[in-house]
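Visitor: just coords:
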């Protein structure tokens, strides 16, 4: 297929697709869109960043009756960020058709969402928990829904939403079209599809693997954990990425790393679950607008972030599971663009790198990078960055707190001790004292 014109979609959609910068369909779009336009149920398994949103977005737009004020399509997604991103893409597709979309998710005002639903929307994109909330409140009508989409279904399973998905699908009209997209196909997802889908057409473009042609994989072995910051700083100065996402294992590490990069003159912000929804939206907007160069994220952002211009992904902490490496590095090399994945590895993590290579079918080459001299270790901390809390040090701290001449706390303790010793020497109190 040479272009979207061959799909036979309406001219408003063609213009929107051109405005979005797409000249021809991706693999998943080329196979899934014609089937979806025929009304078939679809199970799509495709590489991360393959253009799934447009693959289900175009059939949704073709089926919408713009005169209706009730939702005709419901899209379930695992995270708030993905809800906003899918809505943004659907808004772009429907901008010449006056189609109204609404993201619904926890952390945002439910009253604002209720008012928007009352005024009328065509497509609702949301997380399972908040959509269930609206169903139970009676603020979301599902009787007019023609299409249901489960996007990143395996991720929703990982997050414990399988029962929520079951509940929502059970509330939809029996006569509808269902499309399910997932990077992997666990047994629970297959069971859900058998229960709620009618003779689904399977679209297996590629498994959730990394294409070596699109992503260059490198690593640097560091001698100890405190070398991480020095190595990342040297890497960023050497390669000067357009946009980079750095993944950390913890939220505290994300905050500390972002702060350290800012101190070194880099435009960096942290993104993790402890931030308010308003703050998370602000950070993502600044990153999309390229007002910040580096996004330091916890694994919350490993999937669902759809930003086409990310040139580098950096694993500040290597993930424990090879599949997580795949999801993280899938943020670069989007839709045919080239990208770079760089990882820091301790000496005892070299075996994990080998597991990742075998799992993804890739080769991770060693990066040539001089990080220079490491900063001196902080007093009282060992090489792994943890405070030394052995018995001898605790005893030393205790003596320093209570030691010294004329220390009131020490004098009070000594008086109490002397009183206790006198009571023991005197023996039990005479009987007359207790009367």
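Guide: Done, it's in. Just so we're clear, the structure is a prediction, and the values are computed from it rather than from any experiment.

Visitor: show me the contacts for the nearest residue to residue 247 once chain neighbours are set aside.
Guide: Leaving aside its chain neighbours, residue 247 sits nearest to residue 328 (5.0 Å; criterion: CB to CB, 6 or more residues apart in numbering). In this view, the C-beta of every residue, glycine as well, is placed from N, C-alpha and C. For residue 328, the contacting residues are 245, 247, 299, 302, 313, 315, 319, 341, by CB atoms under 8 Å, 6 or more residues apart in numbering.

Visitor: What about those residues, which one has the most neighbours?
Guide: Neighbour counts for the contacts of residue 328 peak at residue 247, which has 28 neighbours (criterion: other CB atoms under 10 Å).

Visitor: Now do it against residue 159, distance only.
Guide: As for residue 247, its distance to residue 159 is 18 Å (criterion: CB to CB, to the nearest Å).

Visitor: quick one: which helix or strand includes the residue nearest to residue 247?
Guide: Per DSSP states H and E, residue 328 falls inside helix 322-329.

Visitor: what's the spacing between residue 320 and residue 299?
Guide: 10 Å.

Visitor: got it, and residue 58?
Guide: On the measure of CB to CB, residue 58 and residue 299 end up 31 Å apart.

Visitor: before we move on, the earlier item: what pLDDT is listed against the residue nearest to residue 247?
Guide: Predicted confidence (pLDDT) for residue 328: 83.

Visitor: ditto for residue 216
Guide: With respect to pLDDT, residue 216 scores 91.

Visitor: How about the contacts made by it?
Guide: So residue 216 contacts 338-341, 365 (CB under 8 Å, 6+ apart).

Visitor: What is the burial count for residue 160?
Guide: 10.

Visitor: what secondary structure does it sit in?
Guide: Following DSSP: H, G, I helix; E, B strand; the rest coil, we place residue 160 in the coil state.

Visitor: mind checking pLDDT for it?
Guide: On pLDDT, residue 160 comes in at 86.

Visitor: and it, how far is that from residue 188?
Guide: 11 Å.

Visitor: got it, and residue 177?
Guide: 22 Å.

Visitor: So the two - more neighbours on which side?
Guide: Ranked by neighbour count (other CB under 10 Å), residue 177 and residue 188 place residue 177 first, with 22 against 14.

Visitor: SS state for the residue lying closest to residue 365 once chain neighbours are set aside?
Guide: Computed as CB to CB, 6+ apart, the closest residue to residue 365 that is not its neighbour in sequence is residue 218, at 5.3 Å. Residue 218 carries the three-state label strand when classified by three-state DSSP.

Visitor: Residue 218 reaches residue 368, doesn't it?
Guide: No. Applying CB atoms under 8 Å as the test, residue 218 and residue 368 come out as separate, 9.0 Å apart.

Visitor: Counting neighbours around each, name which of the two comes out higher.
Guide: Between residue 218 and residue 368, counted using other CB under 10 Å, the more crowded position is residue 218 (15 against 8).

Visitor: hey, what's the more buried one bridged with?
Guide: Following DSSP bridges, residue 218 is listed with bridge partners residue 342, residue 365.

Visitor: measure it to residue 246 for me?
Guide: For residue 218 relative to residue 246 (CB to CB), the value is 14 Å.

Visitor: How about residue 168?
Guide: According to CB to CB, residue 168 stands 35 Å off from residue 246.

Visitor: Between the two, which has more neighbouring residues?
Guide: Neighbours per residue (other CB under 10 Å) separate residue 168 from residue 246, with residue 246 holding more: 27 against 22.

Visitor: so who does the more buried one touch?
Guide: Contacts of residue 246 by CB under 8 Å, 6+ apart are 232, 257, 294-297, 313-316.

Visitor: does it count as helix, strand or coil?
Guide: strand.

Visitor: One more: residue 43?
Guide: strand.

Visitor: before we move on, what about residue 233?
Guide: Three-state call for residue 233 (three-state DSSP): helix.

Visitor: Quick one: neighbours of it, just the number.
Guide: Neighbours of residue 233 (other CB under 10 Å): 17.

Visitor: Report pLDDT for the closest residue to it other than its chain neighbours.
Guide: Spatially, and ignoring its direct neighbours in sequence, residue 233 is nearest to residue 264 (5.8 Å; CB to CB, 6+ apart). Predicted confidence (pLDDT) at residue 264: the value is 93.

Visitor: where in this structure is pLDDT low?
Guide: For the chain, the stretches flagged by pLDDT under 70 are 1-2, 47-49, 205-213, 300-306, 334-336, 375-435.

Visitor: And the strands in it, which stretches?
Guide: Applying DSSP state E to the chain gives strands spanning 42-45, 73-76, 101-104, 123-126, 147-151, 177-181, 201-204, 215-221, 244-247, 268-271, 294-297, 312-315, 339-345, 365-366.
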